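Visitor: Need coordinates for the below:
(2 chains)
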Amino acid sequence: MTPMASVDHRPEVAPPEEPSPPTANRHGWSAKLVFFVVLLVVMAAYTQLAFQMDWVTKAGRIGPGYFPRIIGVAATLLAAFGAWHSWRHPGDESDVVEEEMGEGDLGRHPMAMLVMVLASLVLLVTLLSLGAIVASAVFMLAVLSYLNPGRWVTNLVLAVAVPFGLYLLFQTALNAGLPSGILPRF
Amino acid sequence: MEIFEALGGGIATVLTLQNLFLLAAGVTVGMIVGVMPGLGPSAGLAILLPLTFGLDPSGAIVMLAAVYYGSMYGGTITSVLINTPGESATVASTFDGYPLARQGRAGPALVMAAIASFVAGTVGAVLISFFAPMTASVAKTFGPPELFLVVVAGLLTLIVIIGRNKLLGVLSALLGFALATVGIDVGVGQQRYTFGSTELINGIDFVPVAIGLFGVGEILYTLWRGGHKESIAYAKVTVRDRAFWPTRQDYRDSRGAITRGSLLGFFVGTAPGAGATVASLMSYNMEKSVSKTPEKFGKGAMAGLAGPEAANNGASAGAMVPLLTLGIPGSGATAVLLAGFLMWGLQPGPLLMEQNPDFAWGLIASMYLGNVMLLLINIFMIPSFASIARVPFRLLAPIIIVLCVMGTFTVNGSIIEVGIMLACGVLGFFMRRYGMSPAALVIALVLGPLAEETLRQTMVISGGDMTIFLQRSTSVWLLVLMALLLLIPLLGPWIRRIVDAQVRDLGRARRYRERQERKNTVTGPDADVAAGEDRREGHGSAEHEKDPAGHAGPGGTA
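Guide: Below you'll find the predicted structure:
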């Protein structure tokens, strides 16, 4: 497919949905629904806390709860709408026009994303104790082993050189203050 | 005259060896980040913001502005070479840029894009020099009610024009406002949503949120869609090759497109929220409609690349007008830029040009010089940047995450902020995935305190009476503007049809005129040949002109 063809035929808005066959399950749980339910719970809690703050002060001026209440109620309603919409259309997961996709669709890779998130959490937890260089090197080695398997030399060189270079840039050149951890500060 | 004096002062401020070096470094680093897959100007600025910590304010701002321009162009390189725009503003550059690269004309395409960016950036800088003081003088008359309405109008524009799903756009902005309420309430000094944490008393810093949403969020999204599995088919470019440079015909084809794109981009860019994406798509559609050879569009028409490129750079310059004069960022990238200004103690707004003329004019001057720098660096280093675009994403992804983590930590030395940044990264992924707008969240986070403060002041002035917005003529105008903004989605298709038809008629008339002129100039035996050619062309063009409905082009997606 030529790029133009892929562009020209891109719909301006989502095409009208095909009516589901009568036997199809119209409602159900999806990742999108879970996301909006989580958002709904968070915003409901935000709103509940907002209602514990004053709407107006004793002097009759705008109180600390004025804005949070408006924001909270509106966001809760919209998150509820998002959840309801996801419940009604569980198959409607990819309503984002993927204009950055380039030519090929390479599928979905939740595992790669999950590995990155988990490794980032480990980096967060170990950053202060191990220090910026060591924690970042461990993180890079772990992630590269998954994303770029079998190329140990490249992975090892990158895992050592990049954190070291960034430390030199931020700490030594810019004096920005990074945790040194188990290594001496330089 | 006053403008030229002020601009001269600005140029003198920027023309120090250190600032010129920072300008060059900013453009280069911006382009490097811009060519990285998935990272656009917003992510580039957010990630590189901590690099300016060791600098003086004027140097830092000059560098940030340079990063902004550099990263805008960086996206073009990947659009042309690997058909992957770094962000939505360079999507239109893939339509003809990539076909040109496939024909072995990647060099001319990139050089012409650089020239278009340079011309548009320079035209934009000249226009800013005139429009910014004018807007500032109008904005000086604004009181708190007007400023509040301007903030709301800015957000509305963003949601109405950019968001595909308006309600999710509003929800994104509300999340930003919610995050902005964390910390001490400025009215009565009460803590809100701090949960006893001393780190949250001053509120949630903008930088970790921006780095998380734009940097980490984009990386996670690109991983999820398999960016690490991508084997990149790229076009080779080398400066030594004669075919690297555009031909005379290329210049002739692009001249008009660049001029139109620069002006269109600037004026579209000045509308908060409209921005570079809309401008580039509009420009593409316009060029296709007025072209003598519309059938070449999508198959490697130089005008189809030069027009959108000029428009997106013109829009980046245009976006500086509301940013500098009203303090309203029109896009995610300008929101990060605004945060950078605030970090350096500079409050963009109507009084900026009066209170900090050196800074304001220095920034405008840096745009002139930055564009020259961009052109030089662009043309001679295109092959080097192209080689960065070839670094596989599987290697870049962990490097960018480490850069984000270290960059965030250096802001306040806070591990909690690193946690907030990573959490925002995950949030950013889901927002991208489900059609929400990280840019709206970031802009709302920046504008939230301003909205709350101005509304609070308005209510103090009016004694709590909301009709104050109807009692002041400027407020009423702003309310009318907001009502028009809300009507745009309803009237949009109708307006677009009318504009498309007008532009198409213009193109037809131009082609017809040209045929007539050719007919008149050709005489003797050649006349038959010309007539034959004409019939063929007429036939082809008629065929095409029957088609435009089906070929509304990507502008239709704007």
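Visitor: Return the residues in contact with the closest residue to B:Gln191 other than its chain neighbours.
Guide: Leaving out its chain neighbours, the residue that sits closest to B:Gln191 by CB to CB, 6 or more residues apart in numbering or on different chains is B:Ile184, at 5.8 Å. Yep, even glycine has a C-beta here, placed from its N, CA and C like the rest. Contacts for B:Ile184 were tallied using CB atoms under 8 Å, 6 or more residues apart in numbering or on different chains; they are B:Gln190, B:Gln191, B:Arg192, B:Thr194, B:Ile201, B:Asn202, B:Gly203.
Visitor: what's the most distant pair in these?
Guide: B:Gln190 and B:Asn202 (14.3 Å; CB to CB).
Visitor: State the distance from the closest residue to chain A within the stretch 401-550 of chain B to B:Phe206.
Guide: Closest to chain A within the stretch 401-550 of chain B is B:Thr410: 3.6 Å, counting by CB to the nearest CB. Separation of B:Thr410 from B:Phe206 (CB to CB, to the nearest Å): 15 Å.
Visitor: Could you check stretch A:75-92 against chain B for contacts?
Guide: Yes - Stretch A:75-92 comes into contact with chain B (CB under 8 Å from any CB of the partner chain), by way of A:Ala75, A:Leu78, A:Ala79, A:Phe81, A:Gly82.
Visitor: In the host helix or strand of the last one, which residues are buried?
Guide: Spelled out, that is A:Gly82. Assigned by DSSP states H and E, A:Gly82 belongs to helix A:66-88. Neighbour counts over helix A:66-88 (16 or more other CB atoms under 10 Å in any protein chain shown) mark A:66-80, A:82-83, A:85-87 as buried.
Visitor: now B:Pro392: how far from B:Gly227?
Guide: From B:Pro392 to B:Gly227 the distance is 9 Å (CB to CB).
Visitor: between these two, which one's more packed in?
Guide: B:Gly227 (26 against 16; other CB atoms under 10 Å in any protein chain shown).
Visitor: And for the more buried one, nearest residue in space, chain neighbours not counted?
Guide: B:Phe393 (4.2 Å).
Visitor: and if you look at B:Phe244?
Guide: B:Gly107 (3.4 Å).
Visitor: Of all residues in chain A, which one is nearest the centre?
Guide: Nearest residue to the geometric centre of chain A (CA atoms, centre = their mean): A:Val117, 9.1 Å.
Visitor: tell me the SS of that residue?
Guide: Classification of A:Val117 by DSSP: H, G, I helix; E, B strand; the rest coil places it in helix.
Visitor: Nearest spatial neighbour of it, chain-adjacent residues omitted?
Guide: Nearest one to A:Val117, counting by CB to CB, 6+ apart, is B:Val426 at 6.3 Å.
Visitor: which element is the one you found on?
Guide: Using DSSP H and E, B:Val426 falls in helix B:415-433.
Visitor: follow-up on the earlier one: which one's more surrounded, B:Gln190 and B:Asn202?
Guide: Between B:Gln190 and B:Asn202, counted using other CB under 10 Å, the more crowded position is B:Gln190 (15 against 12).
Visitor: okay, now B:Glu5: neighbour count?
Guide: Neighbours of B:Glu5 under the rule other CB under 10 Å: 10.
Visitor: oh, I was asking about B:Gln516
Guide: 11.
Visitor: How about the contacts made by it?
Guide: B:Gln516 touches nothing, counting by CB under 8 Å, 6+ apart.
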